[in-house]
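A.B. asks: Below is the structure, and that's it, no one-letter string:
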């Protein structure tokens, strides 16, 4: 409801720069949540079943964790851009 109040309608999300930044932020948050879910599944299933593959799985988890950090930084950057943008 806050978005609709700020933009006056859903259409402006696609036509104004602030709306597009907001959509990008939503997509980045969804991507980060998906990465976190993949990491959770990897830790809870295969790694615990077979301790011999720990090193291999740990390398994958470190890469995925790095991707989560990078996407989190991108979310913060887009949030900063949203604060700086105006709703002309």
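C.D. replies: Cool, the structure landed. Bear in mind the structure is a predicted one, so any value in this text is a computation, not a measurement. Residues are numbered from 1 along each chain as shown.
A.B. asks: Now do the lengthiest helix in the chain: which elements does it pack against?
C.D. replies: Counting by DSSP state H, the longest helix found in the chain is helix 54-84. Helices and strands touching helix 54-84, by 3 or more CB pairs under 8 Å, 6 or more residues apart in numbering; DSSP states H and E, are helix 17-42. Bear in mind the C-beta positions are built from the backbone N, C-alpha and C, glycine included.
A.B. asks: centre of the chain versus the helix it packs on, how much separation?
C.D. replies: 3 Å (CA atoms, centre = their mean, to the nearest Å).
A.B. asks: Make residue 1 into 243 and carry on from there
C.D. replies: Okay, using 243 as the starting number, the last item reads as helix 259-284.
A.B. asks: quick one: that helix to helix 296-326, angle?
C.D. replies: 160 degrees (axes from the mean of the first three to the mean of the last three CA atoms, to 10 degrees).
A.B. asks: contacting residues for residue 271?
C.D. replies: residue 317 (CB atoms under 8 Å, 6 or more residues apart in numbering).
A.B. asks: count of neighbours near the nearest residue to residue 310 once chain neighbours are set aside?
C.D. replies: Nearest non-adjacent residue to residue 310, counting by CB to CB, 6 or more residues apart in numbering: residue 277, 4.9 Å away. The local packing of residue 277 (other CB atoms under 10 Å) involves 18 other residues.
A.B. asks: From residue 298, how far off is residue 277?
C.D. replies: 19 Å (CB to CB, to the nearest Å).
A.B. asks: Next: residue 269.
C.D. replies: Distance from residue 269 to residue 298, by CB to CB: 30 Å.
A.B. asks: Next: residue 310.
C.D. replies: 19 Å.
A.B. asks: out of those two, which sits in the more crowded spot?
C.D. replies: Per other CB under 10 Å, whichever of residue 310 and residue 298 has more neighbours is residue 310, with 18 against 12.
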